[in-house]
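# Sequence and computational prediction follow.
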Amino acid sequence: MLLKFPAALFSTIVFQSLDMAESTCDPVTRIACFKFLPNVTAEQKADRASAFLDLYAQHQDLILEGPKGGRPLNTPLELTNVKREKGWDTGFVVVFKDEEARKTFDADPGHDKLKNETDPLLEQVFVYDFVEQANLGW
């Protein structure tokens, strides 16, 4: 039995599938920011930063670029009626080769160990992974 689909539906399905297939091969950028609890010392923060860098150094085969980061600058913005998060201690950007590389990194036991050692010291964390898209995805 031969099924007939409207041409518009077929092209939509094909192009959406192609878009999804391509995006799994594109580099994945991760932005990560950390706000430590008030009682965490500078030495503990430095230790955690070193632990992050060490873990990424062990997985250079998964990474295209980074990690690069540092402490936040005081960049005053005159926003109107918009809440701006403050108090972040450090942040970094890293670019994985693709989505599979990101998944492999996140599933690594060393990543779980790092989270288990770091999470009790954190008040807040922000992690944002994305694939570069035209018009910022919109």
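Okay, I see it.
# Helices along the chain, start to end?
7-25, 42-57, 99-107, 109-118 (DSSP state H).
# which ones are touching the most centrally placed residue in the chain?
Nearest residue to the geometric centre of the chain (C-alpha atoms, centre = their mean): residue 30, 2.3 Å. By C-beta atoms under 8 Å, 6 or more residues apart in numbering, the contact set of residue 30 is 93, 94, 95, 96, 102, 127, 128, 129. Heads up, the C-betas are built off the backbone N, CA and C, glycines and all.
# I'd like these as CSV, with pLDDT appended.
What follows is those, written out as CSV (pLDDT from 0 to 100):
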residue, pLDDT
93, 98
94, 98
95, 98
96, 98
102, 98
127, 96
128, 97
129, 98
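# buried subset of the residues you listed?
The neighbour-count test (16 or more other C-beta atoms under 10 Å) applied to the contacts of residue 30 identifies 94, 95, 96, 102 as buried.
# Show me the residues you listed that map onto strands.
94, 95, 96 (DSSP state E).
# how many other residues sit next to the residue nearest to the second one when sequence neighbours are not counted?
Leaving aside its chain neighbours, residue 95 sits nearest to residue 65 (4.1 Å; criterion: C-beta to C-beta, 6 or more residues apart in numbering). The burial count assigned to residue 65 is 12, neighbours taken as other C-beta atoms under 10 Å.
# shaky segments in this structure?
Confidence mapping of the chain against pLDDT under 70 gives the ranges 1-23.
# if we go to 80?
Low-confidence segments of the chain, defined by pLDDT under 80: 1-24, 75-85.
# who does the nearest residue to residue 87 once chain neighbours are set aside bridge with?
Closest residue to residue 87 apart from its sequence neighbours, by C-beta to C-beta, 6+ apart: residue 35 at 5.3 Å. Assessed by DSSP bridges, residue 35 has beta-bridge partners residue 124.
# Residue 35 touches residue 118, doesn't it?
No. Residue 35 is beyond contact range of residue 118, at 11.9 Å (criterion: C-beta atoms under 8 Å).
# ok so, going back, go through the buried ones among the contacts of residue 30 and say which is closest to residue 109.
Distances from residue 109 to the buried ones among the contacts of residue 30, taken as C-beta to C-beta, are shortest for residue 102 (16.1 Å).
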